[in-house]
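S.K.: A predicted structure for the sequence below; I have some questions about it.
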Amino acid sequence: MVENARSINIFASLILIIGIAYIVGPLYLTLTTASHSYEFMLQNGLVWSLGGDLFANMKRIFTDTLIPLQMINSLVVAAGTAAGLCILSFLSAYAIVYFRVRWAGIVFALILATVILPLDMRFVTTYQVASNVFSPLNAVLDATGLNELISTVFGAPVHMEWSILNTRLGLVAPLLAHGMGTFLFRQFFLTLPKDLFKAARMDGAGPIRFLFDILLPLSRTSFASLFVLTFLSGWTQYLWPLVASSTADTQTAVVGLARLVPDEGAVPDYPLIMAGAILVSIIPLMMIALLQRYLVQGLVLSEK
């Protein structure tokens with residue numbers, strides 16, 4: 001058979017080895033760079049041999065930078081985004097699949113539009129709304145003429161302001177507007193028997209009980225896979241935290257790592273930066289290691 005041909009196996013193994021080397025090589029260079037001192041790097045450049053200053057550079061991360069605090073911000077943003085998106089996606093997919101919602105197809109198409117237009121493409125308008133959450137309401141009051149009426153009666157128009165910039169809420173809320181989770185849950189719900197909801201109602205289970213006692217346990221793997229994917233996406237977000245946070249104590253760890261590069265012409269402290277990169281990568285790696293099985297199962301079930 002073609003699948004058992006020795007030449008194909010050798011070629012596939014060679015491609016796999018090249019791919020592993022392509023991925024592991026930069027990671028190993030990151031480790032070796034973090035294990036040397038700044039003075040050693042200035043004299044010898046980037047080397048492939050391990051040094052003895054890894055823990056010293058790690059200590060400098062805790063004493064000389066705000067990376068530990070920014071890692072807490074990243075953890076709050078990633079976990080909050082993952083939990084919020086899982087809940088919203090689960091409820092929206094439940095409503096679209098199991099209820100006769102008018103214009104459900106149009107609503108689902110609008111939700112998927114957030115995948116076509118991600119946050120990186122609409123961060124300017126998102127920034128305008130985040131700078132004043134009530135700006136859409138103020139615009140409606142001005143467009144409908146209600147502000148003129150209010151100004152006539154009370155002597156002044158209504159203009160409400162609430163900025164969520166430089167807050168953790170401002171970092172999390174815009175990331176929740178993404179329709180991939182709704183798509184994954186919808187695809188999974190469509191694989192379940194169509195009469196499951198009717199059978200539950202015949203047994204006396206209402207929509208809420210069906211949601212918590214039947215549908216939620218069946219969706220554990222989908223929840224876990226979406227949580228991991230969203231957590232990793234929130235942890236590695238760069239553009240929106242860079243725009244929405246102007247103070248170091250509210251920025252995320254990825255932005256903090258970029259801030260370690262000096263703006264002047266000085267040579268960056270690459271050992272310190274690489275030590276910070278290793279430290280920042282620990283939590284995502286632990287997340288993948290602990291929930292890898294659920295991640296694979298959830299994606300497979302969602303595609304059936």
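M.R.: Happy to help now that I have it. Remember, it's a predicted structure, so these values are computed and weren't measured experimentally.

S.K.: quick one: mean pLDDT for whichever strand or helix holds Leu14?
M.R.: Leu14 is part of helix 6-34 when elements are defined by DSSP states H and E. Throughout helix 6-34, pLDDT has a mean value of 89.

S.K.: likewise for stretch 230-237?
M.R.: 90.

S.K.: pull out the buried residues from that stretch.
M.R.: By neighbour count with 16 or more other C-beta atoms under 10 Å, stretch 230-237 contains the buried residues 230-235, 237. All C-beta spots, glycine's among them, are computed from the backbone N, C-alpha and C.

S.K.: taking these one by one, which sit in helices?
M.R.: 230-235 (DSSP state H).

S.K.: can you add distance to Ile208 and give those residues back as JSON lines?
M.R.: What follows is those, written out as JSON lines (distance: C-beta to C-beta, whole Å):
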{"residue": "Thr230", "distance to Ile208": "25"}
{"residue": "Phe231", "distance to Ile208": "28"}
{"residue": "Leu232", "distance to Ile208": "32"}
{"residue": "Ser233", "distance to Ile208": "30"}
{"residue": "Gly234", "distance to Ile208": "29"}
{"residue": "Trp235", "distance to Ile208": "33"}
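
S.K.: just the strands in the stretch 151-300 of the chain please.
M.R.: In the stretch 151-300 of the chain, no strands are defined using DSSP state E, counting those that start in this stretch.

S.K.: now Gln251: closest residue in space, sequence neighbours ignored.
M.R.: Residue nearest to Gln251 in three dimensions, not counting chain neighbours: Ser245, with 4.4 Å by C-beta to C-beta, 6 or more residues apart in numbering.

S.K.: contacting residues for that neighbour?
M.R.: Neighbouring residues of Ser245 by C-beta atoms under 8 Å, 6 or more residues apart in numbering: 165-166, 170-171, 251-252, 255.

S.K.: could you do Pro284 as well?
M.R.: By C-beta under 8 Å, 6+ apart, the residues touching Pro284 are 231-232, 235-236.

S.K.: equivalent analysis for Asp213, please.
M.R.: Ala205.

S.K.: can you pull the pLDDT of Ile61?
M.R.: For Ile61, pLDDT reads 92.

S.K.: how close does the residue nearest to Gln251 get to Leu171?
M.R.: Distance of Ser245 to Leu171, given as C-beta to C-beta, to the nearest Å: 7 Å.
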